[in-house]
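Student: Sequence isn't available, so here's the structure alone:
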């Protein structure tokens, strides 16, 4: 880390003044650029920003690049004394282990975090010299909240493909995910970037597609859909109710895992809410403020068959063990009673109330 005088000399020689807006970027996917942001911040620069998407997105959009050396006029730059409150030294890190009021975040790949991969596999100078992680550190990989183009927009909603990639990456190893490459698990999922994650989720029984065999990757995911996927992915204890979503939402709610920003069951979740949901569940953070979306205890499902739930259609109801297909067929496809009887060929349906 440079001293104050060295930092002033570097910025002054780069034509930067104390009032300059500094935009930094880097590659890959800009995580090196965050080092520059930290240094600028610790020495008190007021206006520093990260280019969303980094150099990869810039070049992918065919924006101009050059090899010309810019003409720079030196300035007089006055840095502040370093703000040591945003730097954690060794003693503070030691004190923070197993301290629930402090969170240590490990942003490396999951295999590095688990100690299954030597951190020098990428670059000899990149990473620590020992395997594993600091005790009690949580793993939120640097790319977990990024889209494929390297952008991060925390208030944007997240679609089904993006959500699936994040939750599968957070749960399973890269080697296991790679075993699904090349599979066509839905009619609209084959060789796209999200295919391995979606196919693994289907294999693991974490998600289902639509009745027409599609996945609809670009469709936004609602909180109740996310709750179902996360509750099953992390093995939460579910008590099913009359509504297909009740058990999943109540499981997250009872453990205090629902961020307060989620105020409605059908709310399309944002990327920031997705990251917080995963963090709370993975690290069992039951001490955080949480939303209450379902009042009172769950009323057990009214199905007459163990493990089967009753779904209402128009003028009749039917039983099915899979909430997603039941909801989709009951509300969208089976608009008349005749449609129901014509679809009785599927082995998944077993009863009808007329």
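Tutor: Arrived safely, thanks for sending. If you're wondering where the values come from, they're calculated on a predicted model, not measured in any experiment. Numbers count the residues shown, from 1 in each chain.
Student: now the strands for this protein?
Tutor: Here the chain has its strands, by DSSP state E, at 22-24, 48-50, 105-106, 138-139, 309-312, 317-320, 352-353.
Student: Pick out the shakiest of these, pLDDT-wise.
Tutor: Note on the strands of the chain: strand 352-353 shows the lowest mean pLDDT, a mean of 44.
Student: what is the mean pLDDT for stretch 56-65?
Tutor: When the per-residue pLDDT values of stretch 56-65 are averaged, the result is 90.
Student: Low-confidence bits of the stretch 51-200 of the chain, can you list those?
Tutor: Counting by pLDDT under 70, the ranges of the stretch 51-200 of the chain that qualify are 117-129, 143-145, 147-148, 182.
Student: just the helices in it please.
Tutor: Across the stretch 51-200 of the chain, reading from the start of the chain, the helices by DSSP state H, counting those that start in this stretch fall at 54-60, 90-96, 110-113, 160-171, 174-178, 195-203.
Student: Pull out the buried positions in the first one.
Tutor: Looking back up the chat, that one is helix 54-60. 54, 55, 56, 57, 58 (16 or more other C-beta atoms under 10 Å). Glycine gets a C-beta too; all of them are placed from N, C-alpha and C.
Student: repeat for the second one
Tutor: Residues of helix 90-96 classed as buried by neighbour count (16+ other C-beta under 10 Å): residue 96.
Student: can you list contacts of that helix?
Tutor: With C-beta atoms under 8 Å, 6 or more residues apart in numbering as the contact definition, helix 90-96 has outside contacts at 88, 102, 104, 134, 136.
Student: any chance of the residues you listed in a markdown table, with distance to residue 280 and neighbour count too?
Tutor: Shown next, in a markdown table, are the contacts of helix 90-96 (distance: C-beta to C-beta, whole Å; neighbours: other C-beta atoms under 10 Å):
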| residue | distance to residue 280 | neighbour count |
| --- | --- | --- |
| 88 | 23 | 13 |
| 102 | 16 | 13 |
| 104 | 16 | 16 |
| 134 | 20 | 13 |
| 136 | 16 | 14 |
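Student: Tell me which two of those sit farthest apart.
Tutor: When C-beta to C-beta is used, the two most widely separated members of the contacts of helix 90-96 are 88 and 136, lying 13.8 Å apart.
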